[in-house]
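Colleague: fold the following for me, if possible:
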Amino acid sequence: MSLDYRIVHFLMVVSLFVLLATGPSDEGRGNMTFHVDFGFVWGGALVAYVAYLVARHRVRLFDALKSPISSQIRDGFAVVRRYTLGTPYPDDVKKRSGRYNVLATYASLVLVLSFIPLTVGGVGMVFLQQGSSLYELMKILHVGGVGLIALFFLAHFFAVIHADNRPLLRAMFTNGRVPADWAREHLSAHVQENSGSDN
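Modeller: Below you'll find the predicted structure:
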């Protein structure tokens, strides 16, 4: 994991919790003003970073979607069995294991899609008259986006605390590297693609 990835990952988690803590409430306008201003700044920074990743061809999160649907389903069930029952990965699933497993890919797709109602609703609430029916609709969209992000965090948290992923967790907070034997077991396709690297 690159240093910029680890820093942005950490800042994204902190920023989302800050936005959650300062969201619409009955606590007055101070928090709300900060929420809106910080939301625009954070959103702009996130768009800029994603554009940078795309320009540098570093977006690998959705590689699992290139596999046939039947393989994605098989891989997904294999990951669930591994996380819940400790069942070893079948050899064919292991060989397809890239930088991100298929469940991480679909969970991240939910996160990406959640930004649509989150952003549309949030921006709409800024410019519409509070209390109007359209404002309330935008509020529902915004809260719905927050709910999808919460679902992502629950899935992500479960994956993070699983014993299988402890090397990844340590890598996130240290030098960004995992042991080579762990990588060969869990990231086989990624290791083959980047042969000669132990990250």
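
Colleague: make it CA atoms for all contacts and neighbour counts henceforth
Modeller: Noted.

Colleague: okay, now the unreliable bits of this protein?
Modeller: 24-30, 196-199 (pLDDT under 70).

Colleague: tell me which residue is most central in the chain.
Modeller: The residue lying closest to the centre of the chain (CA atoms, centre = their mean) is S108, at 4.4 Å.

Colleague: that one against F153, yeah?
Modeller: No. Using CA atoms under 8 Å, S108 makes no contact with F153, being 9.9 Å away.

Colleague: and the helices in the chain?
Modeller: In the chain, the helices defined using DSSP state H lie at 3-21, 29-55, 69-85, 91-96, 102-127, 133-161, 166-172, 180-186, 188-193.

Colleague: elements contacting the longest one?
Modeller: Where contact means 3 or more CA pairs under 8 Å, 6 or more residues apart in numbering; DSSP states H and E, helix 133-161 is packed against helix 102-127.

Colleague: go again using 10 Å as the cut-off
Modeller: helix 3-21, helix 102-127, helix 166-172 (3 or more CA pairs under 10 Å, 6 or more residues apart in numbering; DSSP states H and E).

Colleague: tell me which of the helices of the chain sits nearest to D63.
Modeller: Closest to D63 of these is helix 102-127 (CA to CA; 8.1 Å).

Colleague: helices or strands next to the closest one in the packing?
Modeller: Applying 3+ CA pairs under 10 Å, 6+ apart, one finds that helix 102-127 makes contact with helix 29-55, helix 69-85, helix 133-161.
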